[in-house]
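>>> Here is the input, now give the coordinates:
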Amino acid sequence: MKQTTPPWSFTGLSHLKRGFLLASATVIFALSASAVQVAVTLRNAAPENGIWAVNPWIAVHDGSFDAFDSGSAVNAAVESAAEDGNGSMLRAWFATSQPNGKGAVIPGPIAQGRTYTQIFDLDASNLNHLYLSYFAMVIPSNDAFWANDNPSAYPIFDGAGNFIPRSFKVYGSQIWDAGTEVNDEVGANTAFLAQAAPNTGTTEGGVAAIHAGFNAAGQGGILDQMLTRFGGPLTFTGADFKQAMYPVAEITVSLVSNATSRLLNLSSRGTAGTGDDTQIVGFVVSPGGDKQVLVRAVGPSLANFGVDNPLSDPSVTIFNADGEAMGSNDNWVASEVGDAIGTVGAFALDAGSNDAAIMMTLPAGSYTAQVGIASGSSGVALVEIYEVSN
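The predicted structure is shown next:
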């Protein structure tokens, strides 16, 4: 559980985890005849100046993965995820106990109103694809989190193999206290406030239970804090999640397609900036061998299509699920990606433009493409992800 910088830190955090997720995408390969594409959309439903979520995790399994039980002490994996937002142990535990399950993490702190969609390719006949689970740390907090304590509470298919669409909210009354760290709300002990390192709060040695709520306003706790983050003040006056029907998150599970063809291209257009305006697109390479993909961050060439205020000089960096940079590009090079652009049928980029494009061979896993600003100010960028090889 020891690490140099906590995942929620804003002083030593990787570029991947500093950004906010504005859109998502998936690269899906070779689906079986009975497979369906299922979209899980997660939205931080908290009000303005409310609570945040950090590194939410979504998983699909056989119904036996029980992360925690009310009234029992949590294990080290849940402790790390609930205290420090570090889900690496939780994901490793899941991978060992559910080797044929599927999971995806939403990296970074998720502000109020932000939405993320993860697409899974599932099969109703596969016993490992039957149930949905979720887990996210609440920040600021000592060890608060929201998750389903019943692993079979959210079936994805019914007994006849039919997909079950659903949309539900998580409320403040469903926020859990991991019981591993005293809820003193002291800045130096509290994630997202002034805590400088993980696992440095006061050990509680308790059990998982519904959270009692933050200290009342005026007592110097979380609700009274004002931080300087993202170029401006940040307060938590709307973070009293014990108010009646306080919305925490909204999760929607929907059917995308039951087609057997591959998904060859996905794109997301938005305003790319820095800090909380960083544009990040998530995608997944499904199992079945390494895949070659072309990723583009198009800015200047959008002017040819009448787009106002295109990003003048984008860069693009690909990160894996651990936040490691896999590759990046500032200005595209025709000799490196020109043939691939023609092969996938993408529109041509202006010769010598400052658009960014990179071609990579990636193993199965979750990735994000982050748009940076090499020079100039914010503007509109189009992120595209193409499958080059099958």
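>>> residues in contact with the residue of the chain most remote from its centre?
Centroid-distance maximum for the chain: Ala351 at 34.7 Å, with CA atoms, centre = their mean. By CB atoms under 8 Å, 6 or more residues apart in numbering, the contact set of Ala351 is Ala334. In short, each C-beta sits where N, CA and C put it, glycine included.
>>> Ala81 too?
So Ala81 contacts Asn55, Trp57, Gly87, Met89, Leu90, Phe135, Met137, Phe145 (CB under 8 Å, 6+ apart).
>>> okay, the helix or strand encompassing it in PDB with CA atoms only?
Here Ala81, judged by DSSP states H and E, is contained in helix 76-84. C-alpha atoms of helix 76-84 as PDB (Å, rounded to 0.1, in the frame of the first residue of the first chain):
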ATOM      1  CA  ALA A  76      -6.200  -4.500   2.300                       C
ATOM      2  CA  ALA A  77      -7.400  -4.100  -1.300                       C
ATOM      3  CA  VAL A  78     -10.600  -2.300  -0.300                       C
ATOM      4  CA  GLU A  79      -8.800  -0.300   2.400                       C
ATOM      5  CA  SER A  80      -6.300   1.000  -0.200                       C
ATOM      6  CA  ALA A  81      -9.200   1.900  -2.600                       C
ATOM      7  CA  ALA A  82     -11.300   3.500   0.100                       C
ATOM      8  CA  GLU A  83      -8.600   5.400   1.900                       C
ATOM      9  CA  ASP A  84      -6.300   6.500  -1.000                       C
END
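>>> Quick check: mean pLDDT of it?
Averaging pLDDT along helix 76-84 yields 96.
>>> Now it: buried residues?
In terms of neighbour count (16 or more other CB atoms under 10 Å), helix 76-84 has its buried residues at Ala77, Val78, Glu79, Ser80, Ala81, Ala82, Glu83, Asp84.
>>> Output the below-cut-off pLDDT ranges for the stretch 151-300 of the chain.
Applying pLDDT under 70 to the stretch 151-300 of the chain picks out residues 230-231, 257-265, 276.
>>> Do you have the helices of it handy? List them.
In the stretch 151-300 of the chain, no segments count as helices under DSSP state H, counting those that start in this stretch.
>>> about what we covered before: now the contacts of Ala81: which count as buried?
Taking 16+ other CB under 10 Å as the criterion, what is buried in the contacts of Ala81 is Asn55, Trp57, Gly87, Met89, Leu90, Phe135, Met137, Phe145.
>>> Helix, strand, or coil at the first one?
At Asn55, secondary structure determined by DSSP: H, G, I helix; E, B strand; the rest coil is strand.
>>> Could you tell me how far the residue nearest the centre of the chain is located from Asn320?
Nearest to the geometric centre of the chain sits Ile106, at 1.2 Å (CA atoms, centre = their mean). Distance of Ile106 to Asn320, computed by CB to CB, to the nearest Å: 14 Å.
>>> how many neighbours does Arg296 have?
30 (other CB atoms under 10 Å).
>>> that older thread, can you tell me how far the residue farthest from the centre of the chain is from Val316?
19 Å.
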